[in-house]
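Colleague: got a structure for you, letters missing:
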């Protein structure tokens, strides 16, 4: 590391960022999303139910679906699905950025206790689901279906470094090749959610070894988890090759050229795909301290618009 | 690339069309010959309404510049434009005060409504009632003191304010309150810039006398839409990436 590296700079010049291969939002939208993600395929990823069905069809593990709520009338018939011993996750089938997700760990009498310790009554939960149905958390306010699915617990390797929720692994996949990954650790500030802009900690993962390094939280570099003070670097993600293979497989099955796959590890260490993002965020570059173009440039993609086919040759 | 060429051709065509129209009409009769349909012979309310319509694309351009070049987040692509248009002929301080008061009332009410467990459409409508009442009361109060904003603009902010309040609330709950405030501040800041631009006499005169100027606006919008460089905010956000690479990068 350069010992003279200044810590007080307020901005970088565009040429410096371009040299480091940093991907900006405009470039992501014009050069990657528009060229490699065909518009017709967006619904496959925006609708989590479709994503799960496609993944299951090619043998990728996904959380079990307990119930799908389509209309307000269905809300009354839910009681059985909500009595799962391991808790459950209620989320909009169409939504992004972690919005509208409620993770219930267990029941306590008539109340539902979330992973961040909040207690919800049956009425609270029904109201939340009604909000999902009315399109509160979905794109353009369109009505969405609500999904009740299996809750995957925290793997023991991450237990010290996560608070109030399950950490997940975001892998950015370009032309079916994983190019960058980060481990996202929930915090108290994020309410147990694992999205960076909601306050979670993002830690870079070495693509070759699966070991974490660095770490950012709220845009600032962090070395330890803000709540537990556990070191976020140096964690070895179990079954890393399996994680990468699963992400690549998902990219191929979903037939999109530039996506972010979110996975969690179940208790046995097997990767489970939660969802895939058709507009993956740029914060992963901060977590890894590297630009996405650096890795993407090395891959010769198939013709623009022909997504999902493995590239003819690749390095790195 | 085919789409690159198409974009540039469209831009050039628009510039040419707009430029030629302008040249012809500005040359003829010293610029006072306007399209009879839009002209200055209209009655003041109609003229004002047409002015508001023609200024809207200018606001859209300003918003696009702020979002794609600067990187400021706003609630909705058109909220800043509509907010600015509502009070075009009003004193800026009055306008700011009106907006802030109504937003404060709306946001507080929306926060309280959470406890009632209403369905979405119902809840949005209650916020609308609050917005409408606040606007009506404040405008009537200002009118008594002779400071009322022009009438035609007031219908515009109803819906925008209601939806902005709703987006703010959802963002505060689902993201973080800090992020919601930043986005709200961004929305109001861009609205303020649009409003100051609208107030410049020559801008309003230009679009009402020479509506073909809007063709030039479209040309610039196309260019902005093809800009693939960094946003200003990203120069700050990714500043730490510009140094030497850290160890361990894969």
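Modeller: On my side now, so go ahead. Quantities reported herein were computed from a predicted structural model and do not represent experimental measurements.

Colleague: now residue A:210. Nearest residue, chain neighbours left out?
Modeller: residue A:240 (2.7 Å; Cβ to Cβ, 6 or more residues apart in numbering or on different chains). Heads up, the C-betas are built off the backbone N, CA and C, glycines and all.

Colleague: from residue A:27, how far out is that neighbour?
Modeller: Separation of residue A:240 from residue A:27 (Cβ to Cβ, to the nearest Å): 29 Å.

Colleague: all strands of the stretch 51-200 of chain A, in order?
Modeller: Secondary structure of the stretch 51-200 of chain A (DSSP state E, counting those that start in this stretch): strands at A:65-69, A:88-92, A:102-108, A:111-114, A:119-120, A:146-150, A:168-174, A:177-185.

Colleague: tell me which of these sits nearest to chain B.
Modeller: Among the strands of the stretch 51-200 of chain A, the nearest to chain B by Cβ to the nearest Cβ is strand A:177-185 (7.9 Å).

Colleague: so what pLDDT did residue 33 get?
Modeller: Using chain A. Residue A:33 carries a pLDDT value of 93.

Colleague: looking at chain B here, not the other one
Modeller: pLDDT, residue B:33: 45.

Colleague: now residue B:182
Modeller: Residue B:182 is given a pLDDT of 93.

Colleague: number of nearby residues for it?
Modeller: 15 (other Cβ atoms under 10 Å in any protein chain shown).

Colleague: pretty sure it is in contact with residue B:73, am I right?
Modeller: Yes. Applying Cβ atoms under 8 Å, one finds residue B:182 in contact with residue B:73, separated by 7.0 Å.

Colleague: make TSV out of the strands of the stretch 51-200 of chain A and add mean neighbour count.
Modeller: Formatted as TSV, the strands of the stretch 51-200 of chain A follow (neighbours: other Cβ atoms under 10 Å in any protein chain shown):
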stretch	mean neighbour count
strand A:65-69	18
strand A:88-92	23
strand A:102-108	17
strand A:111-114	18
strand A:119-120	14
strand A:146-150	22
strand A:168-174	26
strand A:177-185	25
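
Colleague: could I get those in JSON lines, plus columns for mean pLDDT?
Modeller: Shown next, in JSON lines, are those (pLDDT from 0 to 100):
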{"stretch": "strand A:65-69", "mean pLDDT": "92"}
{"stretch": "strand A:88-92", "mean pLDDT": "92"}
{"stretch": "strand A:102-108", "mean pLDDT": "89"}
{"stretch": "strand A:111-114", "mean pLDDT": "89"}
{"stretch": "strand A:119-120", "mean pLDDT": "90"}
{"stretch": "strand A:146-150", "mean pLDDT": "92"}
{"stretch": "strand A:168-174", "mean pLDDT": "96"}
{"stretch": "strand A:177-185", "mean pLDDT": "96"}
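
Colleague: looking at these, which is closest to residue A:139?
Modeller: Residue A:139 sits nearest to strand A:88-92 of all these, at 10.0 Å, using Cβ to Cβ.

Colleague: grab the most central residue of chain B for me.
Modeller: Nearest to the mean C-alpha position of chain B, by Cα atoms, centre = their mean, lies residue B:81 at 1.6 Å.

Colleague: ok, then the element right after the lowest-mean-pLDDT helix or strand in chain A?
Modeller: Least confident element among the helices and strands of chain A, by mean pLDDT, DSSP states H and E: strand A:220-221 (a mean of 86). Next in sequence after strand A:220-221, counting helices and strands by DSSP states H and E, comes helix A:240-254.

Colleague: residues contacting the next helix or strand after that following helix, please?
Modeller: With elements assigned by DSSP H and E, the helix or strand that comes after helix A:240-254 is strand A:258-265. The contact list for strand A:258-265 (Cβ atoms under 8 Å, 6 or more residues apart in numbering or on different chains) reads A:28, A:32-33, A:36-37, A:45, A:152, A:155, A:157-158, A:166-175, A:237-239, A:243, A:246-247, A:250-251, A:271-278, A:280-281, A:284.

Colleague: all helices for the chain, in order.
Modeller: You didn't pick a chain, so chain A it is. Using DSSP state H, the helices found in chain A span residues A:14-19, A:25-27, A:34-36, A:42-46, A:48-57, A:122-133, A:240-254, A:283-288, A:292-296.

Colleague: to clarify, I was referring to chain B.
Modeller: B:2-27, B:44-65, B:79-86, B:92-113, B:120-144, B:157-174, B:177-199, B:201-209, B:213-225, B:232-237.

Colleague: ok, the closest residue to residue B:223 other than its chain neighbours - contacts?
Modeller: Using Cβ to Cβ, 6+ apart and skipping residues adjacent in sequence, the residue nearest residue B:223 is residue B:11, 6.1 Å away. Counting by Cβ under 8 Å, 6+ apart, residue B:11 touches B:219, B:222, B:223.

Colleague: spatially nearest residue to the most centrally placed residue in chain A (excluding sequence neighbours)?
Modeller: Chain A has residue A:262 as the residue nearest its centroid, 3.5 Å off, counting by Cα atoms, centre = their mean. Ranked by Cβ to Cβ, 6+ apart and with sequence neighbours excluded, the top spatial neighbour of residue A:262 is residue A:274, at 4.6 Å.

Colleague: so where is chain A shaky, pLDDT-wise?
Modeller: Within chain A, the segments meeting pLDDT under 70 span A:1-8, A:140, A:301-316.

Colleague: who does the nearest residue to residue A:32 once chain neighbours are set aside bridge with?
Modeller: Excluding its sequence neighbours, the residue lying closest to residue A:32 (Cβ to Cβ, 6+ apart) is residue A:258, at 4.4 Å. Listed beta-bridge partners, residue A:258: residue A:174 (assigned using DSSP bridges).

Colleague: for residue B:106, which non-adjacent residue is spatially closest?
Modeller: residue B:165 (4.0 Å).

Colleague: residues in contact with the one you found?
Modeller: Here residue B:165 is in contact with B:103, B:106, B:107, B:110, B:127, B:131 (Cβ under 8 Å, 6+ apart).

Colleague: chain A: which of these is nearest?
Modeller: residue B:110 (12.3 Å).

Colleague: so who does that closest one touch?
Modeller: By Cβ under 8 Å, 6+ apart, the contact list for residue B:110 reads B:123, B:127, B:165, B:166, B:168, B:169.

Colleague: and residue B:97, how many neighbours?
Modeller: 13.

Colleague: now do residue B:204
Modeller: Residue B:204 has 20 neighbours, counted by other Cβ under 10 Å.

Colleague: and it, how far is that from residue B:219?
Modeller: Taking Cβ to Cβ, one finds residue B:204 at 20 Å from residue B:219.

Colleague: grab the nearest non-local neighbour of residue B:130.
Modeller: That would be residue B:109: by Cβ to Cβ, 6+ apart, it lies 4.8 Å from residue B:130.

Colleague: that neighbour contacts residue B:129, correct?
Modeller: No. Counting by Cβ under 8 Å, residue B:109 sits too far from residue B:129 to count as a contact (9.1 Å).
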